[in-house]
Structures are given as structure tokens and as C-alpha cells.
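Trainee: have a look at this prediction, sequence included:
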Amino acid sequence: MGGFGKAAAEPPELYNGLSAAFAERLRDAGCGGQRALREACGCVQKQAVVNIDPHRHGNLATAQEYIVAAYQKIDQAQQANSSHLGGHAAGAKTALLQADAELRAAADFANANDPQPPPEPQGPANASGYWTIYATNVDQPGGSTKTVKIEQTGGQLTGHFKGPNQSGGIEGFVNGNHTEFSTKTRDVLNFRGEVDGDTMSGMYGVHGQHAPWHAVRSD
């Protein structure tokens, strides 16, 4: 039987904390939906995660990144208010976990119905040049401006990064329009996003926290 048939003997705790409608959709999805739920958040969900292949499902993976960032901001709000938010913040986090699992289930469903990955674009996008990065802070309100000089050889990226408090080299890659690069600095920043002409945008991470960023090329 295919991977989306009814699964037997699923532990009831798998669906604890989920809305009735969402849990029913996961049951109906069978193995695929239940596997997505386990892998996305575990039998007892702890936090939102990014676990979708960005090369195959770039939009879904980016949506997961925003969910992770929102979940972390709610965590910070709970800590700042000693969790005295009437249970609404916790409810919002539960909704985000459900959305995170739904996105993974959507990717699994697409993969099962179209097992061959889409054809690769005709060569990597051009990410070389001087870029000014505008990044939202991961741990407090506001943002910061950073710069990066990127040198590109085929799909491989090297260069130099400079931020408000640290600087160093970078290394990364471009695959089609998708780019990822990391800084060789004391606090390593991992950038992931899409190149669109003379702009780039996406999410970056540091110390396990994530926030949005966008960049503009100046040459």
C-alpha cells in the first residue's frame, strides 16, 4: 500500500495539544502526515524547526524560517512578562507548531506525488559584489547594518564580512537563486536567502535564533 494509507496503532499522545481538525487531517493523511508530525515537532512538540529542503521547496522552507522566528519572539515576550499573558501567547505558539507541521506535511505530500526533484536552474545567480545587509536583531528590538564583499567562482562564494562588532571571512554557495553563506567570526552568522537581481533577502541565524535580513548590492 502507498505511503498515504491509514496507519495502525498510532499512540494517542501523538495528537495531544493539537486542534481536533488538525489532528483529524494528520490521521487521514496516514503515514505521511504522522511522519511529518513526528519529525517536525516530536510526539510532544517542543519548538518550531526548519526541516524542509530549501532546494526543493524554497517557499515552504522560507515559511518555516519565519515561523521559527515568530516562535522565538513569543518565547522572549513570555520571558519578559513572566508568562503573564493570559495563555494567549502559549496558544499562539501551539498554532505556530501546527503550522510548522502542516508545512512539513505539505512538502512530504508533494515529494510522494512527484518523487523526482525539479530540474536545476541554468547556472547559479550572480551574487558577487559589495552588499549592504539590513538585519533584524535576533534578541532585542531593532536591527543593524552590516556589509559583505562577495567573490563568486561558479557556485562557490568567498569574501569578507563586516558587522558592528566583528568582521571576518565568509564561505558559502549559490544554487540557482538560492544562496547560503556563513561568517568566519567569533559569533558565526548563517545567512540563507534568495538572490533577486541586485537584492537578496531571507533569514539568518546566530546562537540558534533566527531573524529576517535583506541586502542591496552597491556595485
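Mentor: Here it is on my side, so go on.
Trainee: low-confidence ranges in this structure?
Mentor: Along the chain, the model assigns pLDDT under 70 to residues 1-46, 116-122.
Trainee: for it, just list every one of the helices.
Mentor: 20-29, 31-41, 58-80, 88-113 (DSSP state H).
Trainee: what's the closest of those helices to Thr199?
Mentor: Ranking the helices of the chain by proximity to Thr199 (C-beta to C-beta) places helix 58-80 first, at 14.9 Å. Backbone N, C-alpha and C define where each C-beta goes, glycine included.
Trainee: domains in this protein, by residue range?
Mentor: For the chain, the structural domains run 12-113, 129-217, going by automatic domain parsing.
Trainee: one step back: dump the helices of the chain to a markdown table, plus distance to Ala127 and mean neighbour count.
Mentor: Putting the helices of the chain into a markdown table (distance: least, C-beta to C-beta, whole Å; neighbours: other C-beta atoms under 10 Å) gives the following:
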| stretch | distance to Ala127 | mean neighbour count |
| --- | --- | --- |
| helix 20-29 | 38 | 15 |
| helix 31-41 | 30 | 20 |
| helix 58-80 | 16 | 18 |
| helix 88-113 | 26 | 18 |
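Trainee: the residue nearest the centre of the chain - nearest residue in space that isn't next to it in sequence?
Mentor: In the chain, the residue lying closest to the centroid (C-alpha atoms, centre = their mean) is Glu65, at 2.5 Å. Once flanking residues are discounted, Glu65 sits nearest to Met203: 3.9 Å by C-beta to C-beta, 6 or more residues apart in numbering.
Trainee: circling back to that earlier point, export the domains of the chain to JSON lines and append columns for distance to Gly123.
Mentor: Below are the domains of the chain laid out as JSON lines (distance: least, C-beta to C-beta, whole Å):
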{"stretch": "domain 12-113", "distance to Gly123": "15"}
{"stretch": "domain 129-217", "distance to Gly123": "8"}
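Trainee: from memory His55 sits against Asn175, does it?
Mentor: Yes: the pair His55 / Asn175 is scored as a contact, 6.0 Å apart, by C-beta atoms under 8 Å.
Trainee: give me the more crowded residue out of those two.
Mentor: Asn175 (16 against 13; other C-beta atoms under 10 Å).
Trainee: any figure for the gap between the more buried one and Ala125?
Mentor: 9 Å (C-beta to C-beta, to the nearest Å).
Trainee: again, but for Gln156
Mentor: 13 Å.
Trainee: okay, those two: which has more neighbours?
Mentor: Ala125 (19 against 12).
Trainee: find the nearest non-adjacent residue to that one, please.
Mentor: Nearest one to Ala125, counting by C-beta to C-beta, 6+ apart, is Val195 at 4.1 Å.
Trainee: and that neighbour, how many neighbours?
Mentor: 20.
Trainee: which helices and strands sit right next to the longest strand seen in the chain?
Mentor: In the chain, taking DSSP state E as the definition, the longest strand is strand 143-153. Judged by 3 or more C-beta pairs under 8 Å, 6 or more residues apart in numbering; DSSP states H and E, strand 143-153 is in contact with strand 129-136, strand 156-162, strand 167-175.
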